[in-house]
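Undergrad: sequence and predicted structure, then a few things I'm wondering about:
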Amino acid sequence: MRKIFPLLALLIGGVLTVLVVVGRTLDDSGATTLPLLTLLLAGEFGFIVTLIGATVSVKRGLADDFTVANVSIAILCAIFSVHLAWRGINLWPGAGS
């Protein structure tokens, strides 16, 4: 499980990033497509999972040897983690864009 977790975290992070970005669009009445609590939970869960995925990938690289796939997964998980955290913060009314 430790060997495939970073890849699973990357896939989950990608799906949740799409969910948050698409669900945040406003409809005609000015409300988000998905409820705010759903978007916040998806963003927070994605942030945590991708942060753990990046950490596990880096630890595995330090223990064994860094490969291109290992480094790529770690970097992409870190990017998704930062992106989901930023999107989650900006979901709050009056907190930026």
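TA: Perfect, I can see it now. Numbers count the residues shown, from 1 in each chain.

Undergrad: for the biggest helix by length in the chain, buried residues please.
TA: Ordering each helix of the chain by length in residues (DSSP state H) puts helix 36-63 first. Buried positions in helix 36-63, judged by neighbour count with 16 or more other Cβ atoms under 10 Å: 39-40, 42-43, 46-47, 49-51, 53-58, 60-61. (Each C-beta comes from the backbone N, C-alpha and C, glycine too.)

Undergrad: can you list the weak-confidence ranges in the chain?
TA: For the chain, the stretches with pLDDT under 70 are 1-2, 94-97.

Undergrad: quick one: the closest residue to residue 91 other than its chain neighbours from residue 90, how far?
TA: Excluding its sequence neighbours, the residue lying closest to residue 91 (Cβ to Cβ, 6 or more residues apart in numbering) is residue 39, at 5.5 Å. Computed as Cβ to Cβ, to the nearest Å, the residue 39 to residue 90 distance reads 10 Å.

Undergrad: could you do residue 17 as well?
TA: 13 Å.
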